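Asker: What follows is a predicted structure for the sequence shown.
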Amino acid sequence: MASYRNSRGPAKLDRTQPPPPANLRASTSFKSKTSNVRRSSSGSGFKDSDESVSGRVRVAVRLRPKNAEEMVADADFADCLELQPEFKRLKLRKNNWDSDTYEFDEVLTESASQKRVYEVVAKPVVESVLDGYNGTVMAYGQTGTGKTFTLGRLGDEDTSARGIMVRAMEDILANVSWDSDSVMISYLQLYMETIQDLLNPTNDNISIVEDPKTGDVSVPAATLVDIRTHHDFMELLRLGEAHRVAANTKLNTESSRSHAILMVHIKRSVTDMESEISSENYHSLHMSRSSKPPIIRKGKLVVVDLAGSERAHKSGSEGHTLEEAKSINLSLSALGKCINALAENSPHVPVRDSKLTRLLKDSFGGTARTSLIVTVGPSPRHRAETTSTILFGQRAMKVENMLKIKEEFDYKSLCRRHETQIDKLIAENERQQKAFEDEIERATIEAQQRISEAEINYKEALEREKVKCQMDYMESIKKLEEKWMNNHLKHATNGFNNGNRGGEGNDHANEEITELKLKLQKEITLRKQAEEELQNLKNSQFHPTEAGVNADVIKLQNLLDEETRQKQKLEDEVLLLQSRLSQVTFSSGQPRNSQLDNQGNGERTSIANLHEHVGLQKILSLLESEDPNVRLHAVKVVANLAAEDTNQERIVEAGGLSSLLELLRSRSFDEVICRIAAGAIANLAMNEANQELIMAQDGISLLAMTAADAEDPQTLRMVAGAIANLCGNDKLQTRLRSEGGIKALLGMVRSRHPDVLSQVARGVANFAKCESRTFSKGNKNNRSLLIEDGALPWIVQNANNDASIIRRHIELALCHLAQHEVNAKDMVSGGALWELVRISRDCSREDIRALARRTLTSSQTFSSELRRLRVEI
Ligand code: ADP
Ligand code: MG
């Protein structure tokens, strides 16, 4: 019966744990979505947790097949080992009837493939290392039992023979990202407590450094090679192996006496792993990436091909001194002691006793995941060694691990990323700045172009305007000249006809004007000549045969300018004199003198003197003289006297009014005398008493007769003025109308002269006003005599006359006529209603506007008509 030698140890532990899976997961399992680190050996007895996982050292036993020598030598002996892989048990035969049974995590028979050995022993460790833990795979056993075969075979000839190192590296390389991860290896040999760099053999005394804070162990002096491809790694393994052989030859040692240590340092970026893992969380990851430093997981895989275990027991053999033997085996025996201490949970683990245990401090037991493969041979001759090896393995199975993930924040990488980001932003900023400057420049150029375009357009428009002005100026000069010529001819004729009118002052002024006009005419002729000459010269500029032509042109131009100035001066003088002349003329013929100038004053003084010397009676008698010249001068004197209010009464008393009326009656019609006489009568007609006298002496008929015969507008103006004065008398209205006064007044509009029209309008307004007064007193209830006599059409026609004085009189007349309802019908049919509406709206005088409005609203006829027409006032 098989028995358990170590009842408290492995057997007990193993019973609580399920057997490991036959096939460990493939390496693709890393691409799982689990954010936590995945552990392949979920069924292997390791307990998982976020921060750390507990477990123990996994131990497998591998039996080497018999070699040729053993086949022969051990042919007569039974094997000392019997494997029961299905029960993960090994029986160590003590004799033919007795054996000890040991249980391991894995029992690998002599036929176990290298692939299976890797997957069972090393793969879980490799996966842990990729997840950020430290891990160790060690081979322990007697020399020649297959440690190197298991760990270090390259499999050059037979790919299936590839050992754990090669396969581990294949898995690692398949699971790292070259963008963010790194794989670095060192390859060391430990012999007689000296660490030698197998990648650089000259580096043969490497010291171990331990971080006091983290407890991490490192060999900074060792060569670290960045591995990118499997080929790189194979080359390095070959190089390391060659150096190992060479070093051992030199030292006269065997490789079996030294420990070969392969260290693989893996750095993986967690965020990259996670972005691979979870595309759904990309956005949040991206956000966190920019603000948090990336997490780097560092894993260290240590593969140790230990020196032959027999050395630990056999000292002094093969010619070595005891010290030497001790030294050779120190590390291995220290490892054994540490395993014992760990297995027994001893408070003191003598890690510091050897370089190997110091080197493996963070990789064996403790915080690392560890697999131990113990190799044994079948030969009964090495039973003791085999037993010792098996017991070593059994003890190791008791060693508890507390795995700790090795994570750290990668501030350097974060800093690099931020620098890159800043660089990008700076570049972007520069680009935007440049674009902004370009835009400003473009806008400036555009604005300048627009300004210059506008300037050109403005210049052209200005030039056109200038040319137009010049043309207009020339045109108006021409018109003025023509006008002036017409006036000149007209005045020449008038001067001839009215030779004596206006007295000496007028004659003198006329002479002066004539003289000036002649001068002006002469200047114009000269200017025209100069212009012609200039034109000729301009034409001849195209064929400049003589020198100095241009100078002549300038000279002539200056001459022309001077002539123009002279002409302007003369024109101004003409205008001045014309205005003076009109003033003189007006003062001599005005019904009522307003203001006499110096010349008029002189005349008046002389007339007053004459009046004093000769006497009024004598002067009046001269009005009846046979001599027309005497009559003319006499009537002028009387007219001048009548212009003064103070003289009027005496003139009338002396029979002057009768004499003046008599002049109008004269059969030999002399219009000049009639005009002056009418003017005098008009002045006298300002007085109410005189108005009645004029009427009594048949004045209306005489004035009507004169109006019918007269042609000169000034004669008509005087006559109309006289009748207009009479129209303002309430008592005389009927008689004035019956004697043809209204008809005479209306007859004079034929003249169309504004002076005449304004007197007619004044007469009409006076008459309407008196009528309105009479109506309001209730004295009359008939239609207006003005309407009776057919004045309405003319009134309506001139209600909006251009001359404001005429317009004003007629507006008043219309308002007065409209006061009486009896006129309304005629006014509506005659179109006067519209004029009244216009007056009520447009008249510039507020009082007339109001009067028109009042009239329109108070009259029934007008109101109903306006309602009918839907006109609002
Ligand atoms: P160790 O490194 O433990 O001293 P080796 O790995 O050098 O032993 O193996 C000794 C010899 O045994 C080698 O020739 C090797 O090829 C052979 N050998 C070891 N293990 C096996 C195995 N499992 N199958 C076939 N040959 C093996
Ligand atoms: Mg070996």
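Answerer: Alright, I've got the coordinates. Note that the coordinates shown come from a computational prediction; the quantities given were computed from them, not determined experimentally. Ligands and ions are numbered 1, 2, ... in the order given.
Asker: pretty sure K147 is touching R153, no?
Answerer: No. Using CB atoms under 8 Å, K147 is not in contact with R153; the gap is 10.8 Å. The C-beta positions use only the backbone N, C-alpha and C, and glycine is treated the same way.
Asker: Which of those two has more residues huddled nearby?
Answerer: The residue with more neighbours, out of K147 and R153, is K147; 28 against 21, by other CB atoms under 10 Å.
Asker: what's the neighbour count on the nearest residue to that one once chain neighbours are set aside?
Answerer: Counting by CB to CB, 6 or more residues apart in numbering, K147 lies nearest to A139, which is 3.7 Å off, once chain neighbours are set aside. Counted with other CB under 10 Å, residues neighbouring A139 total 27.
Asker: Next SSE downstream of the helix or strand encompassing A139?
Answerer: If you go by DSSP states H and E, A139 is part of strand 134-141. Reading on from strand 134-141 to the C-terminus, the next helix or strand found by DSSP H and E is helix 147-152.
Asker: CA atoms only: put that next one into CSV for me.
Answerer: Coordinates of each C-alpha in helix 147-152 appear next as CSV, following Å, rounded to 0.1, in the frame of the first residue of the first chain:
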residue,chain,number,x,y,z
LYS,A,147,16.6,20.5,-16.2
THR,A,148,18.3,22.1,-19.2
PHE,A,149,16.3,19.9,-21.6
THR,A,150,13.1,21.1,-20.0
LEU,A,151,14.0,24.8,-19.7
GLY,A,152,16.6,25.6,-22.3
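Asker: roughly how far is that helix from the heart of the chain?
Answerer: 76 Å (CA atoms, centre = their mean, to the nearest Å).
Asker: And for the host helix or strand of L620, what's in contact with it?
Answerer: L620 is part of helix 616-622, with elements assigned from DSSP H and E. Helix 616-622 is touched from outside by 610-611, 630-631, 633-634, 637-638, 641, 650-651, 654-656, 659, with contacts defined as CB atoms under 8 Å, 6 or more residues apart in numbering.
Asker: Out of those residues, which comes closest to I477?
Answerer: If you rank these by distance to I477 using CB to CB, H633 comes first, at 44.0 Å.
Asker: what about the nearest residue to the closest one once chain neighbours are set aside, distance to R442?
Answerer: By the measure of CB to CB, 6+ apart, the closest residue to H633 outside its immediate chain neighbours is L622, 7.6 Å from it. Spatial separation of L622 from R442 under the definition CB to CB, to the nearest Å is 99 Å.
Asker: tell me which of the contacts of helix 616-622 is nearest to ligand 2?
Answerer: L641 (168.5 Å; CB to the ion).
Asker: neighbours around that closest one, how many?
Answerer: Neighbouring residues of L641 were enumerated by other CB under 10 Å; the total is 24.
Asker: That one and V652 touch, don't they?
Answerer: No. Using CB under 8 Å, L641 and V652 do not qualify as a contacting pair, with a distance of 11.3 Å.
Asker: where does L83 sit relative to V121, distance-wise?
Answerer: Between L83 and V121 the computed distance is 16 Å (CB to CB).
Asker: Name the residue in the two with the higher neighbour count.
Answerer: Set side by side, L83 and V121 give different neighbour counts by other CB under 10 Å, the larger being at V121 (26 against 22).
Asker: Make sure that one is indeed in a strand.
Answerer: No. Under DSSP: H, G, I helix; E, B strand; the rest coil, V121 sits outside any strand and is assigned helix.
Asker: Verify the stated contact: it with V374.
Answerer: No. At 10.4 Å, V121 does not count as touching V374 under the criterion of CB under 8 Å.
Asker: what residues are shared contacts of the two?
Answerer: Taking CB under 8 Å, 6+ apart as the contact criterion, the residues that touch both V121 and V374 are A60.
Asker: on that earlier part again, mind listing what the residue nearest to K147 touches?
Answerer: A139 makes contacts with K147, T148, T150, L151, V304, D305, L306, L372, I373, V374, T375, as judged by CB under 8 Å, 6+ apart.
Asker: Ok, L342 next?
Answerer: Residues counted as contacts of L342 (CB under 8 Å, 6+ apart) are V349, G365, K398, V399, E400.
Asker: now L663, nearest residue through space, not along the chain?
Answerer: If you skip the residues right next to it in sequence, L663 has A677 as its closest partner in space, 4.3 Å away by CB to CB, 6+ apart.
Asker: Just name whatever secondary elements the helix or strand harbouring L660 is in contact with.
Answerer: Following DSSP H and E, the helix or strand that holds L660 is helix 656-665. When contacts are defined as 3 or more CB pairs under 8 Å, 6 or more residues apart in numbering; DSSP states H and E, helix 656-665 packs onto helix 616-622, helix 628-642, helix 671-684, helix 688-696, helix 699-709.
Asker: a strand runs through L92, doesn't it?
Answerer: Yes. Using three-state DSSP, the secondary structure at L92 is a strand.
Asker: The residue nearest to it when sequence neighbours are not counted: neighbour count?
Answerer: Nearest in space to L92, with sequence neighbours left out and distances taken as CB to CB, 6+ apart, is D100 at 4.8 Å. Around D100 there are 17 other residues, counting by other CB under 10 Å.
Asker: pLDDT value on D100, please?
Answerer: Residue-level confidence at D100 comes out at 89, pLDDT.
Asker: What of S659?
Answerer: pLDDT, the model's per-residue confidence, is 90 for S659.
Asker: measure the residue nearest to it when sequence neighbours are not counted to ligand 1 for me?
Answerer: Computed as CB to CB, 6+ apart, the closest residue to S659 that is not its neighbour in sequence is L623, at 4.5 Å. From L623 over to ligand 1 the distance is 176 Å, taken as CB to the nearest ligand atom, to the nearest Å.
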